[in-house]
Each structure stands twice: as C-alpha cells, then as structure tokens.
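# next one to model:
(one chain, ligands or ions: 2)
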Amino acid sequence: MKQEPDMEGGKVKAGTTAEAKTGSWKIQRPIWDKKKCINCMFCVIYCPENCIPSKTGIRDETNLDYCKGCGICAKVCPVKCIAMDAEVKHI
Ligand code: SF4
Ligand code: SF4
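Ligands and ions are numbered 1, 2, ... in the order given. Modelled structure (predicted):
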C-alpha cells in the first residue's frame, strides 16, 4: 500500500494543531495570574497544544480555542500562578 508522504512512520505533518480546535469540548480551563508570572516559559514549552504564546521572552494569554484543559501548564508552573477551573463556570 502506498503511504502518504506526510504520514510516513505514523508521523503527522507539522502545523496540524491549528486544525484541532478544542474550545467546545474541554471541561477545565487554565486561569493565569499574570501578576505572579515570572516568565520562566515552562508552561509555553510543556503545553502539548502549543497554545500559550510568547513574544521576546514574555508569556502571553492562552489561546483557549486550542487549549484542551489538560492542566500540564498548571502542574509545571514553579510559582503556581495557573489554576485549573471548571469550564462550565465560564460559558
Ligand atoms: S491546559 Fe493543557 S492545553 Fe491548555 S494551556 Fe495548559 S498545557 Fe496547554
Ligand atoms: S510556568 Fe508559570 S511562571 Fe512560568 S511562564 Fe508559565 S505562567 Fe509564568
């Protein structure tokens, strides 16, 4: 069977995160306390959806359209300035 070039070896082509909008099905969302953030970039690096942007070493607001509410960012934050909250409270 002929394989698609961009799926060879089970790998998915780059840039497909933009197709995985999660805005309507996540059950938790991260709440970021910007005042406590020390811009360590741990959350930016560890986010599996690449939905925490940063510009020139400064963390920016999470793009909730692509966040899946996994809570990894909250776990890795060394100053605990990300808290997970029930999505239903924000609808
Ligand atoms: S909850 Fe998960 S997907 Fe959402 S911003 Fe944090 S690490 Fe990324
Ligand atoms: S892990 Fe916490 S302190 Fe580090 S950039 Fe993210 S929110 Fe800020």
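
# the helix or strand of the chain with the lowest mean pLDDT and ligand 1 in contact?
Least confident helix or strand, the chain: strand 54-55 with a mean of 94, by mean pLDDT, DSSP states H and E. No. Figure legend: strand 54-55 not in contact with ligand 1 (CB under 6 Å from any ligand atom); closest approach 12.3 Å. In short, each C-beta sits where N, CA and C put it, glycine included.

# what pairs with that strand, parallel or antiparallel?
If you go by DSSP bridges, strand 54-55 pairs up with strand 58-59 (antiparallel).

# past the partner strand, which element shows up next along the chain?
Per DSSP states H and E, strand 58-59 leads on to helix 72-76 as the next helix or strand towards the C-terminus.

# just the CA trace of that next one, in PDB.
Presented in PDB, the C-alpha positions along helix 72-76 are these (Å, rounded to 0.1, in the frame of the first residue of the first chain):
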ATOM      1  CA  ILE A  72       0.000  20.400  32.400                       C
ATOM      2  CA  CYS A  73       0.800  24.100  32.400                       C
ATOM      3  CA  ALA A  74      -0.600  24.400  36.000                       C
ATOM      4  CA  LYS A  75       1.500  21.400  37.100                       C
ATOM      5  CA  VAL A  76       4.800  22.700  35.700                       C
END
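
# that helix close to ligand 1?
Yes. Helix 72-76 is in contact with ligand 1 by CB under 6 Å from any ligand atom, via Ile72, Cys73.

# any idea how far that helix is from the chain center?
Computed by CA atoms, centre = their mean, to the nearest Å, the chain-centroid distance of helix 72-76 equals 10 Å.

# who are the packing partners of the helix or strand following that helix?
Using DSSP H and E, the helix or strand that follows helix 72-76 towards the C-terminus is strand 82-86. Packing contacts for strand 82-86, counted by 3 or more CB pairs under 8 Å, 6 or more residues apart in numbering; DSSP states H and E, involve strand 28-32, helix 72-76.
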